[in-house]
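Asker: Give me the fold of what follows.
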Amino acid sequence: MKGRTTCPKCKHEFVLDAPDNGGKYKVVCPNCGDKFTIKPTSCDPKSEDECFWEEHGEPRKTILSAIKPRTNKPTIAAVLLISVFAIGITSAAFSDAFIETPLDVLTNVGMTGSVDLLVIDQLNNSIEEASIIIDGISTITDENGSYYVENISLGLKKVEVSLTEYKTVTREILVVPFITSSHEIRMENGNGEKYIPFDTIGCSIILVIFSVFALLAAVISLRRQHIDVAVVGSILGIFSFGFLMIGSIISVIALIIILKSMDEFENGKKGKIF
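Answerer: Numbering: from 1, shown residues only. Here you go, the predicted model:
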């Protein structure tokens, strides 16, 4: 608490800081050295043991923290995310090669997937004891017409399902880590074979969607706005994959850079406009 008082001996007026606790405070006059007592809450100049006190100066103003200097980190993150977008679009255009290559790498480091199959007839009734061959494993469906297997190598796999009086069905499926690959295989009465290739178009659409999110995060990073959108976009960009999962690696790097420069965004903790 800052205030002004007057020495009772030499009448020298001076300003000092005193504790704002409502109690008495001992003061030494800087002019004559006389010692006297004041009570900051007292406004009575006739008091015998207290001297007149009044607040001095303007009210204190709130000091805002300074905005951090701008760096080129958001720009670097944006460039990386644009690269992720380009790689993702290229992967979508050549989805077969770009799907197989990263999954082969993951298989080589010991990662596997799981497959859950359900075999039914044209009336949607489950078919038990149907013969199944997948990734060198030969087995049959249970009484519910299903078969579940773990530790399957990753990538595009051919599943062959056969049973007397039904056409043999060969279907391509994609086995990925962490997510069980679930498929329903419909059997048709008769003889012969039926081949169902993997739907690369659907996979390409998914890669394009994740790549677009990476591009959105790049634009937001260049503008240094909406840190939450930039973070989410860079996270979704991880799933754009790309050749040898380069897109995923670049997205992770961009995410780290964005998190380290979040104060530079318009709605960052220290980048707000007051």
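Asker: Only C-alpha atoms from now on, for both contacts and neighbour counts.
Answerer: Fine.
Asker: next structured bit after the helix with the most length in the chain?
Answerer: Using DSSP state H, we find that the single longest helix of the chain is helix 200-223. Heading C-terminal from helix 200-223, the first helix or strand you meet, by DSSP states H and E, is helix 227-237.
Asker: pLDDT of that following helix, averaged?
Answerer: Taken as a whole, helix 227-237 has an average pLDDT of 93.
Asker: tell me the angle of the following helix or strand past it relative to helix 227-237?
Answerer: Reading on from helix 227-237 to the C-terminus, the next helix or strand found by DSSP H and E is helix 246-260. For helix 246-260 against helix 227-237, the angle between stretch directions is 160 degrees (axes from the mean of the first three to the mean of the last three C-alpha atoms, to 10 degrees).
Asker: so how far is helix 246-260 off the chain centroid?
Answerer: Averaging C-alpha positions (C-alpha atoms, centre = their mean, to the nearest Å) puts helix 246-260 10 Å from its chain's average.
Asker: for that helix, which positions count as buried?
Answerer: The neighbour-count check on helix 246-260 (16 or more other C-alpha atoms under 10 Å) flags 246, 247, 248, 249, 250, 251, 252, 254, 255, 257, 258 as buried.
Asker: Reformat those residues as JSON lines; add distance to residue 6.
Answerer: Listed next are the buried residues of helix 246-260 as JSON lines, based on distance: C-alpha to C-alpha, whole Å:
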{"residue": "246", "distance to residue 6": "76"}
{"residue": "247", "distance to residue 6": "74"}
{"residue": "248", "distance to residue 6": "73"}
{"residue": "249", "distance to residue 6": "72"}
{"residue": "250", "distance to residue 6": "70"}
{"residue": "251", "distance to residue 6": "68"}
{"residue": "252", "distance to residue 6": "67"}
{"residue": "254", "distance to residue 6": "64"}
{"residue": "255", "distance to residue 6": "63"}
{"residue": "257", "distance to residue 6": "59"}
{"residue": "258", "distance to residue 6": "58"}
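Asker: Let's have those residues in a markdown table, adding pLDDT and distance to residue 167.
Answerer: Listed next are those as a markdown table, based on pLDDT from 0 to 100; distance: C-alpha to C-alpha, whole Å:
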| residue | pLDDT | distance to residue 167 |
| --- | --- | --- |
| 246 | 85 | 42 |
| 247 | 87 | 41 |
| 248 | 88 | 41 |
| 249 | 91 | 44 |
| 250 | 94 | 46 |
| 251 | 94 | 45 |
| 252 | 94 | 47 |
| 254 | 95 | 50 |
| 255 | 94 | 50 |
| 257 | 94 | 55 |
| 258 | 93 | 55 |
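Asker: I'd guessed residue 175 sits against residue 114; true?
Answerer: Yes: the criterion here is C-alpha atoms under 8 Å, and residue 175 meets it with residue 114 at 7.0 Å.
Asker: Over to residue 121: give its phi and psi.
Answerer: phi -100, psi -170 (degrees, to the nearest 10).
Asker: any idea how far the closest residue to it other than its chain neighbours is from residue 164?
Answerer: Nearest residue to residue 121 in three dimensions, chain neighbours excluded: residue 187, at 4.9 Å (C-alpha to C-alpha, 6 or more residues apart in numbering). Here the criterion is C-alpha to C-alpha, to the nearest Å. By it, residue 187 lies 11 Å from residue 164.
Asker: out of the two, which sits in the busier spot?
Answerer: residue 187 (24 against 11; other C-alpha atoms under 10 Å).
Asker: show me the contacts for that one.
Answerer: 119, 120, 121, 122, 166, 167, 168, 169 (C-alpha atoms under 8 Å, 6 or more residues apart in numbering).
Asker: Just the buried subset of those, please.
Answerer: Neighbour-count burial (16+ other C-alpha under 10 Å) applied to these gives 119, 120, 166, 167, 168, 169.
Asker: Might one say that the fifth one is in contact with residue 159?
Answerer: No: under the criterion of C-alpha under 8 Å, residue 168 makes no contact with residue 159, lying 10.4 Å away.
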